[in-house]
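**Student:** 3D, please:
(2 chains)
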Number of protein chains: 2
Amino acid sequence: MQNSEEQKFRVRNLEISDKGKGFIELLQQLSVCDSVSDKEFEDRFRELTSLGDNHVICVIEDELAGKIVATGSVFIEKKFLRNCIKLSSNCGKVGHVEDVVVDSNVRGKQLGKKIINFLTDHARSVGCYKVILDCSVENKLFYEKCGFKQKEIQMAMYFD
Amino acid sequence: MQNSEEQKFRVRNLEISDKGKGFIELLQQLSVCDSVSDKEFEDRFRELTSLGDNHVICVIEDELAGKIVATGSVFIEKKFLRNCIKLSSNCGKVGHVEDVVVDSNVRGKQLGKKIINFLTDHARSVGCYKVILDCSVENKLFYEKCGFKQKEIQMAMYFD
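**Tutor:** Numbers count the residues shown, from 1 in each chain, chains lettered A, B, ... in the order given. Predicted coordinates:
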């Protein structure tokens, strides 16, 4: 039983065919927004794919339903300095996690945790010294369970 | 008087010669850390410069002293969705501001505000719908004066 659930909910990189499996509708659970045309999706997909390891979007597909049920992304920022937990003279890298969402119909299966583990493993594997993200106060406990600690506050300026 | 101060503290893009003008030492006011060799600096500088408008580091040089006294950076994240303040079907962009620091000896001259204005103007000019950053609670008021509002909380995971 555990194994078939594992197989049903594997984490993998976003594929161009995922638009037809509800990827955009899933993102729309994060913020109400217009649709994206196939052309716009493909252009942005290729732009992001060209960044290679520096921008990874992962998804979980419910393979029986052929539907994307969870996603998240991480992009790698390169800095001149690194935080000196280990003394090292290398310039540093930081992973920024964005746009994590689990389909509201598929909660309670630890899919969010799987997404976060995939993204933090990627950041670690490319040499980041830390991963950061912004979340609502309501989601703080979830990220603490994933191994994150609260650090600072997020400020935003919107253009109109 | 105002004009000579204006001229003395212009904002411009980081140049490769700025390492010799105390750029790294200025960044070290943000976090205590090892030095960076000339080779490491040049490699990272070229890597970041190759990203063009997608990663901008600006500085203010005290032109009389030949010393970098303020800096900040912004990188542009590309998303599939955009926040729908204006309804638009374009995929969105978000500016992430990082590593803002003003030399502790040159405070009170609004250099931080100049840096932030430069970075947010850049983000707006390349089509971002918002700019975000993380800061300490102590710096919240400064960013509010720059036009930012508190939004979420920042979580971090450090690798060792």
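**Student:** Tell me the helix or strand right after the strand or helix carrying residue A:142.
**Tutor:** Take DSSP states H and E as the rule and residue A:142 turns out to sit in helix A:140-145. Toward the C-terminus, helix A:140-145 is succeeded by strand A:149-158 as the next helix or strand (DSSP H and E).
**Student:** What's the mean pLDDT across that next one?
**Tutor:** Averaged across strand A:149-158, the pLDDT comes to 97.
**Student:** For it, name the packing helices and strands.
**Tutor:** For strand A:149-158, the packing partners by 3 or more C-beta pairs under 8 Å, 6 or more residues apart in numbering or on different chains; DSSP states H and E come out as strand B:130-135, helix B:140-145, strand B:149-158. In this view, the C-beta of every residue, glycine as well, is placed from N, C-alpha and C.
**Student:** just the ones you listed: most buried one?
**Tutor:** strand B:130-135 (a mean of 22; mean count of other C-beta atoms under 10 Å in any protein chain shown).
**Student:** Okay, now the sheet partners of that one, with direction.
**Tutor:** strand A:149-158 (antiparallel), strand B:93-102 (parallel) (DSSP bridges).
**Student:** okay if I get the ones you listed as TSV plus distance to residue B:77?
**Tutor:** Listed next are the strands paired with strand B:130-135 as TSV, based on distance: least, C-beta to C-beta, whole Å:
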stretch	distance to residue B:77
strand A:149-158	13
strand B:93-102	5
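**Student:** and of those, who's closest to residue A:93?
**Tutor:** With C-beta to C-beta as the measure, strand B:93-102 is the member of the strands paired with strand B:130-135 nearest residue A:93 (12.1 Å).
**Student:** Does the following helix or strand past the closest one pack against any helices or strands, and if so which?
**Tutor:** Counting by DSSP H and E, the next helix or strand C-terminal to strand B:93-102 is helix B:111-125. The contact analysis (3+ C-beta pairs under 8 Å, 6+ apart) places helix B:111-125 against strand B:11-13, strand B:55-62, strand B:67-78, strand B:93-102, strand B:130-135, helix B:140-145.
**Student:** so who does the spatially closest residue to residue A:100 that is not a sequence neighbour touch?
**Tutor:** Leaving out its chain neighbours, the residue that sits closest to residue A:100 by C-beta to C-beta, 6 or more residues apart in numbering or on different chains is residue A:72, at 3.9 Å. For residue A:72, the contact set (C-beta atoms under 8 Å, 6 or more residues apart in numbering or on different chains) comprises A:57-58, A:97-101, A:115-116, A:118-119.
**Student:** repeat for residue A:105
**Tutor:** Taking C-beta under 8 Å, 6+ apart, we find residue A:105 in contact with residue A:69.
**Student:** Give me the most central residue, chain A.
**Tutor:** Centrality entry for chain A: nearest residue to the mean C-alpha point is residue A:72, 2.1 Å, by C-alpha atoms, centre = their mean.
**Student:** what bridges to it?
**Tutor:** Applying DSSP bridges, one finds that residue A:72 bridges with residue A:58.
**Student:** And it, how far from residue B:126?
**Tutor:** Applying C-beta to C-beta, to the nearest Å, the value for residue A:72 to residue B:126 is 25 Å.
**Student:** which regions of chain A lie under the pLDDT threshold?
**Tutor:** A:1-7, A:32, A:83-90 (pLDDT under 70).
**Student:** please redo it, this time with the cut-off set to 90
**Tutor:** Across chain A, residues meeting the criterion (pLDDT under 90) sit at A:1-8, A:30-37, A:81-91, A:107, A:160.
**Student:** Stretch A:58-75: which residues count as buried?
**Tutor:** Neighbour counts over stretch A:58-75 (16 or more other C-beta atoms under 10 Å in any protein chain shown) mark A:58-62, A:67-75 as buried.
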